[in-house]
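Novice: What would the 3D arrangement of this be:
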Amino acid sequence: MSYLSIFLVYLMMWMIVFFMSLPFGISVSENLEIGNANSAPSKTYLKLKILFSTLISIIPTYFIYWLIETEYLFIFIQNFDL
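Specialist: Sure thing, here's the model as predicted:
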């Protein structure tokens, strides 16, 4: 796997983890401001979610890299009877 491939896999994993983490920790504001939606969150914790997504995405990226480098994925596909 090239460095570009590893980076693209990491980027996809990061986006999946980040979008999964967006709803966590959200609380709707009790004080509605004019011009904001009724469901607008009071605090989003985006910096924390970006940090966790960056760290957590390393695990599935390494697992996918390991599957490809050890050729377990190709062996599984070849042995899979249709």
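
Novice: chain center to the longest helix seen in the chain, what's the gap?
Specialist: Scanning the chain for the helix with the most residues, using DSSP state H, yields helix 3-21. Chain-centre distance of helix 3-21: 6 Å, with Cα atoms, centre = their mean, to the nearest Å.

Novice: Flag every buried residue along that helix.
Specialist: Neighbour-count burial for helix 3-21 flags 9-10, 13-14, 17-18, 21 (criterion: 16 or more other Cβ atoms under 10 Å). No exception for glycine: its C-beta is placed from N, CA and C like everyone else's.

Novice: Now distance to Q78 and pLDDT too, for those residues, in CSV please.
Specialist: Below are the buried residues of helix 3-21 laid out as CSV (distance: Cβ to Cβ, whole Å; pLDDT from 0 to 100):
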residue, distance to Q78, pLDDT
V9, 22, 96
Y10, 27, 97
M13, 25, 97
W14, 31, 97
V17, 30, 97
F18, 34, 97
S21, 36, 95
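
Novice: and of those residues, the nearest to F52?
Specialist: Nearest to F52, judged by Cβ to Cβ, of the buried residues of helix 3-21 is S21 at 6.3 Å.

Novice: how much space is there between the closest one and T54?
Specialist: S21 sits at a distance of 11 Å from T54 (criterion: Cβ to Cβ, to the nearest Å).

Novice: Next: Y10.
Specialist: Distance, Y10 to T54, by Cβ to Cβ: 9 Å.

Novice: What of Q78?
Specialist: 35 Å.

Novice: Also L11?
Specialist: Distance from L11 to T54, by Cβ to Cβ: 11 Å.

Novice: doesn't I59 make contact with Y10?
Specialist: No - using Cβ atoms under 8 Å, Y10 is not in contact with I59, being 10.7 Å away.
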